[in-house]
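K.L.:
The sequence and its predicted three-dimensional model are supplied below.
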Amino acid sequence: MRKPFIAGNWKMNLERKSALDLVARIKEHVGARDDVDVAVFPPFVYVDEVARALRGSKIAVGAQNCCDEPHGAFTGEISAAQLADVGATLVILGHSERRHVYGEGNELVNRKVHAALDKGLAVILCVGETLEQRQAKQTEKVIGGQLTAGLAGVSARDLLKITIAYEPVWAIGTGQVATAKQAGEAHAYLRGVLGGVYTDSLADQTRIQYGGSVKPDNVKELLLVPDVDGCLVGGASLKAETFLPLIDGRRMR
Ligand code: 13P
């Protein structure tokens, strides 16, 4: 049984006060619940303070990216060890904005996955096709390729530290959410790929989140899809009013 995992990717939003106000609300809301896993991904500069604010809670804190190198002359970069040092336990890698705005390719994403795992960080590995790729019926090829390349060299044991996020690029920040059918097909395909590379049992234990315009009014339908194990949320994660209902999404069944 896979526990739902609801994660808020704040992207380059919020500042100290709004971030701390939001996590206080999330902390209070989640309390000692153990029917759902919750994580927030603040901008790098707030990871430390948010992690302190959430100490003793069940909510995890992660970063939105990390460097593929362990240390050295990489101006502007942040290492996995530095993230772990300030309380991050997770990192999002291969997000579509990293891939499409900053040109990160599969090989770099894979090196980052190894860098993060080496320092004990869990990973949310994002995959997703553009609208053109979907229209050209390339969805499976693209997301299957991103998945296998991103996980190259990752052991079965380390796969247990990885969550996959299916985030169709055309659904991110557009208000155009994937239908339950589209998400279900993509997630089932990804789980099949994982089963082929690892084992069916490991594929069955791996959580696959959906991301892209998740909101309180569509989360219920998405979380009802058997292969959708939670969501990675951008815009709706920035306010308690829209994020807290997502944490309760599975309860609405
Ligand atoms: P939105 O929820 O704003 O569409 O963003 C999704 C996303 O990219 C989460 O990583």
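P.N.:
Received the coordinates, thanks.

K.L.:
only C-alpha atoms for contact and neighbour calcs from this point on.
P.N.:
OK.

K.L.:
so who does the closest residue to Gly175 other than its chain neighbours touch?
P.N.:
Nearest non-adjacent residue to Gly175, counting by C-alpha to C-alpha, 6 or more residues apart in numbering: Ser213, 5.0 Å away. Listed by C-alpha atoms under 8 Å, 6 or more residues apart in numbering, the contact set of Ser213 reads Ala171, Ile172, Gly173, Thr174, Gly175, Gln176, Val177, Val233, Gly234, Gly235, Ala236.

K.L.:
ok, so what distance separates the fifth one from the ligand?
P.N.:
By that I understand Gly175. 7 Å (C-alpha to the nearest ligand atom, to the nearest Å).

K.L.:
Let me know the secondary structure of that residue.
P.N.:
The three-state label given to Gly175 by DSSP: H, G, I helix; E, B strand; the rest coil is coil.

K.L.:
Surely the residue nearest to Gly175 is in a helix?
P.N.:
No - assignment of Ser213 by three-state DSSP gives coil, placing it outside any helix.

K.L.:
Which residues of the protein lie near the ligand?
P.N.:
Asn9, Ile172, Gly173, Gly211, Gly212, Ser213, Val214, Leu232, Val233, Gly234, Gly235, Ala236 (C-alpha under 6 Å from any ligand atom).

K.L.:
For the fourth one, give me the pLDDT.
P.N.:
When you say that, I think you mean Gly211. Model confidence at Gly211, given as pLDDT, is 98.

K.L.:
what about it, how many residues close to it?
P.N.:
27 (other C-alpha atoms under 10 Å).

K.L.:
Quick one: the helices in the stretch 151-253 of the chain, in order.
P.N.:
For the stretch 151-253 of the chain, the helices defined by DSSP state H, counting those that start in this stretch cover 156-159, 180-197, 200-205, 219-223, 240-247.

K.L.:
List the buried residues of the helix or strand Lys17 falls within.
P.N.:
Assessed by DSSP states H and E, Lys17 sits inside helix 16-30. Of the residues in helix 16-30, Ala19, Leu20, Leu22, Val23, Ile26, Lys27, Val30 count as buried by neighbour count, 16 or more other C-alpha atoms under 10 Å.

K.L.:
Could you save those as a markdown table and add columns showing pLDDT?
P.N.:
Formatted as a markdown table, these follow (pLDDT from 0 to 100):
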| residue | pLDDT |
| --- | --- |
| Ala19 | 98 |
| Leu20 | 98 |
| Leu22 | 98 |
| Val23 | 98 |
| Ile26 | 98 |
| Lys27 | 97 |
| Val30 | 96 |
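
K.L.:
what sits against Leu83?
P.N.:
Contacts for Leu83 (C-alpha under 8 Å, 6+ apart) come out as Val47, Gly62, Ala63, Thr89.

K.L.:
I'd like the next helix or strand past the helix or strand containing it.
P.N.:
Leu83 belongs to helix 80-85 when assigned by DSSP H and E. Scanning forward in sequence from helix 80-85 by DSSP H and E, the next helix or strand is strand 90-93.
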